[in-house]
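Engineer: return a 3D structure for these sequence lines:
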Amino acid sequence: MNVLVTGAAGFIGSSVTRRLMERGDRVVGIDNLSDYYSVQLKEDRLTALTRDFGNGFAFDKIDFADNAALTDFARRHDFDRIVHLGAQAGVRYSIENPSAYIQANLVGHANMLELARQRRSSHLVYASSSSVYGSNKTLPFRVEDRVDHPMSLYAATKKADELISESYAHLYQLPLTGLRFFTVYGPWGRPDMAMWIFTKALYEGRPLPLFNAGNMRRDFTFIDDIVSGVVACLDGPPVADGSAKAGGSHAPHALYNIGNSRSEDLMRVVGILEAETGCTAIRDERPMQPGDVADTFADISAIARDHGFAPTTSIDVGVPRFVKWYHDYTRA
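Structural biologist: Next up, the predicted model:
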């Protein structure tokens, strides 16, 4: 199978690319290599893929929000299914730089849907986010819940992506699957996320920024489990048979939570990080950050039912694996 992966230099994108190629698929990846976080880290991910898979992996530096560049790219490459993971990420950055989210997450997403329509792609899987649940109070979060009150522009763009996708699925019978990711972590992770920020601070003897004084719970999901869920969904496109799909659509459009289905106390994660690094945390307690929420918790019954998704990695296993990778990578 020939697959296009957007955001191929990103955390989840590079990991999905690796899994697809390990099972024999050919992958063409695109990424604009933005400087939102370390470009060197993105290039190192790409270098590892090229080293391990050679010609099985092709990469183009393309901004999918640039429709002319995307169209030119598509003329030169053969692919059917699409895993659209590229986006402008980050809840907090969306408060400072909203235009980046409009361009990448709205214009870019629409460009990818149009590409899939023109190609008559047999399936496009795209990244949504647990952030769409916003101020919802009922836990665990279910795909059947209303998500009308986003707490950040990032969340609003992801909800908009789901709505635009629903229209494309309905109008053009385009098979689409949206995945609401819950706090993904692991080797090759992102420097703007808590696991990396805390580990770096511990090794450097600096305070850990603990929003809401550390009184937070997150559904931490290890990257290997996330990748298994993405690939399982890619292999099982929703059928245009008029039946109700996960999330409520009667078009070939499914929505799933993809998480660990365990809401963990943030300070328990800090405790594991302390044990693994051998460093004691200095607490920098701060008020709740605008756009943030105190708790996330995924109901994964729909993706378990439809695709057999069953995460296996607890934070007691996953956090030490991240710390080891971080230590080795930053000291290489």
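Engineer: gap between the helix or strand harbouring Gly318 and the chain center?
Structural biologist: In this structure, Gly318 sits in helix 315-330 according to DSSP states H and E. Distance of helix 315-330 from its chain centroid, counting by Cα atoms, centre = their mean, to the nearest Å, is 19 Å.
Engineer: can you check stretch 101-109 too?
Structural biologist: Chain-centre distance of stretch 101-109: 15 Å, with Cα atoms, centre = their mean.
Engineer: can you list contacts of it?
Structural biologist: Stretch 101-109 is contacted from outside by 63-65, 84, 86-88, 94, 126, 153-154, 157-158, 160-161, 164-165, using Cβ atoms under 8 Å, 6 or more residues apart in numbering. (Each C-beta comes from the backbone N, C-alpha and C, glycine too.)
Engineer: go through it and flag the buried ones.
Structural biologist: Buried positions in stretch 101-109, judged by neighbour count with 16 or more other Cβ atoms under 10 Å: 101-102, 104-106, 108-109.
Engineer: where along this structure do the strands fall?
Structural biologist: Here the chain has its strands, by DSSP state E, at 2-6, 26-31, 57-61, 81-84, 124-129, 176-181, 184-185, 207-211, 217-218, 221-222, 253-258, 264-265, 282-286.
Engineer: direction included, what does the fifth one pair against?
Structural biologist: Strand 124-129 has the following sheet partners, assigned by DSSP bridges: strand 81-84 (parallel), strand 176-181 (parallel).
Engineer: can I get those in TSV including mean pLDDT, mean neighbour count and distance to Leu273?
Structural biologist: Converted to TSV, those look like this (pLDDT from 0 to 100; neighbours: other Cβ atoms under 10 Å; distance: least, Cβ to Cβ, whole Å):
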stretch	mean pLDDT	mean neighbour count	distance to Leu273
strand 81-84	98	25	31
strand 176-181	98	26	21
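Engineer: quick one: closest of the ones you listed to Val132.
Structural biologist: When the strands paired with strand 124-129 are compared by Cβ to Cβ, strand 176-181 sits nearest Val132, at 6.3 Å.
Engineer: now the closest one and strand 253-258, what's the angle there?
Structural biologist: Using axes from the mean of the first three to the mean of the last three Cα atoms, to 10 degrees, the direction of strand 176-181 lies 20 degrees away from that of strand 253-258.
Engineer: and strand 176-181, how far from the chain's centre?
Structural biologist: 9 Å.
Engineer: hmm, who's touching it?
Structural biologist: For strand 176-181, the external contacting residues (Cβ under 8 Å, 6+ apart) are 12, 113, 116, 123-130, 132-133, 141, 143, 161-162, 165, 168-169, 221, 226, 229-230, 233-234, 237-238, 247, 252-259, 298.
Engineer: pLDDT-wise, which helix or strand of this protein ranks last?
Structural biologist: Least confident helix or strand, the chain: helix 91-96 with a mean of 72, by mean pLDDT, DSSP states H and E.
Engineer: where does the stretch 201-332 of the chain have low pLDDT?
Structural biologist: 291, 332 (pLDDT under 70).
Engineer: which other helices and strands contact the helix holding Gly318?
Structural biologist: With contacts taken as 3 or more Cβ pairs under 8 Å, 6 or more residues apart in numbering; DSSP states H and E, helix 315-330 sits against strand 184-185, helix 194-204, strand 221-222, helix 266-277.
Engineer: which of the buried residues of stretch 101-109 lies closest to Asp328?
Structural biologist: Ala104 (31.2 Å).
Engineer: how much space between the closest residue to that closest one other than its chain neighbours and Ser165?
Structural biologist: Spatially, and ignoring its direct neighbours in sequence, Ala104 is nearest to Gln88 (3.9 Å; Cβ to Cβ, 6 or more residues apart in numbering). With distances taken as Cβ to Cβ, to the nearest Å, Gln88 is found 17 Å from Ser165.
Engineer: for the two, work out which one has more neighbours and name it.
Structural biologist: It is Ser165, of Gln88 and Ser165, that has more neighbours when counted by other Cβ atoms under 10 Å, with 27 against 24.
Engineer: show me the contact partners of the biggest helix by length in the chain.
Structural biologist: Looking across the chain with DSSP state H, the single longest helix is helix 153-172. The set of residues that contact helix 153-172 without belonging to it, under Cβ under 8 Å, 6+ apart, is 87-91, 93-95, 98, 101-102, 105-106, 109-110, 113, 116-117, 126-129, 131-132, 134, 147, 150, 174-176, 178, 238, 247, 249, 251-253, 255, 291.
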